[in-house]
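need a structure here:
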Amino acid sequence: MNALRQGGMTIGIALLGTMMAGRAVATMAQALAGAGVTSPLALASLAVRRHEMPAGLIMAEHDFRHVLARAFADGFCLAVVVAGLVGLATVLVLVLGSRTGVQRSEPLSALDDL
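You can find the predicted model right below:
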């Protein structure tokens, strides 16, 4: 059970991190495209992965940091919303599963005598 729990957490964190980075790249690319930058997706990908302004990007340092921070915030919001929805779905499955479960006629302690 412990290995399943740890494996599930690892996969969950990896998926949420991937979604967060993907959303951050998309948000950054959209902002760079609006600024008239050529190949905004490639530059946004480098900026999100390395946390630095890529060479060849003509943008004020302050503006770049603001756009990068906003991109990470958008990615984090997506990850939190998805994690919350998965958590709520899990709670619903557990609650509904316990209500529709099979009712036992004898307590479990009585079965130990067998």
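
could I get the buried residue list for the single longest helix found in the chain?
Assignment by DSSP state H gives helix 61-99 as the longest helix of the chain. Neighbour counts over helix 61-99 (16 or more other C-beta atoms under 10 Å) mark 64, 67-68, 71-72, 74-75, 78-79, 82 as buried. All C-beta spots, glycine's among them, are computed from the backbone N, C-alpha and C.

show me what that helix is packed against.
Other helices and strands packing on helix 61-99, by 3 or more C-beta pairs under 8 Å, 6 or more residues apart in numbering; DSSP states H and E, are helix 2-34, helix 40-50.

most packed of those helices?
Highest mean neighbour count of the helices and strands packed on helix 61-99: helix 40-50, a mean of 18 (counted as mean count of other C-beta atoms under 10 Å).

how about the helices and strands packed on helix 61-99, which one is nearest Leu88?
In terms of C-beta to C-beta, the element of the helices and strands packed on helix 61-99 nearest to Leu88 is helix 2-34, at 14.6 Å.

how far away is Ala73 from Ala14?
21 Å (C-beta to C-beta, to the nearest Å).

low-confidence stretches in this protein?
For the chain, residues meeting the criterion pLDDT under 70 lie at 54-62, 100-114.

any idea which residue is closest to the centre of it?
Central residue of the chain (C-alpha atoms, centre = their mean): Leu16, 2.3 Å from the mean position.

ok, that residue - contacts?
For Leu16, the contact set (C-beta atoms under 8 Å, 6 or more residues apart in numbering) comprises 79, 82-83.

quick one: it from Pro40, how far?
From Leu16 to Pro40 the distance is 25 Å (C-beta to C-beta).

and what of Ala83?
Counting by C-beta to C-beta, the gap from Ala83 to Pro40 is 28 Å.

what do you get for Val86?
As for Val86, its distance to Pro40 is 31 Å (criterion: C-beta to C-beta).
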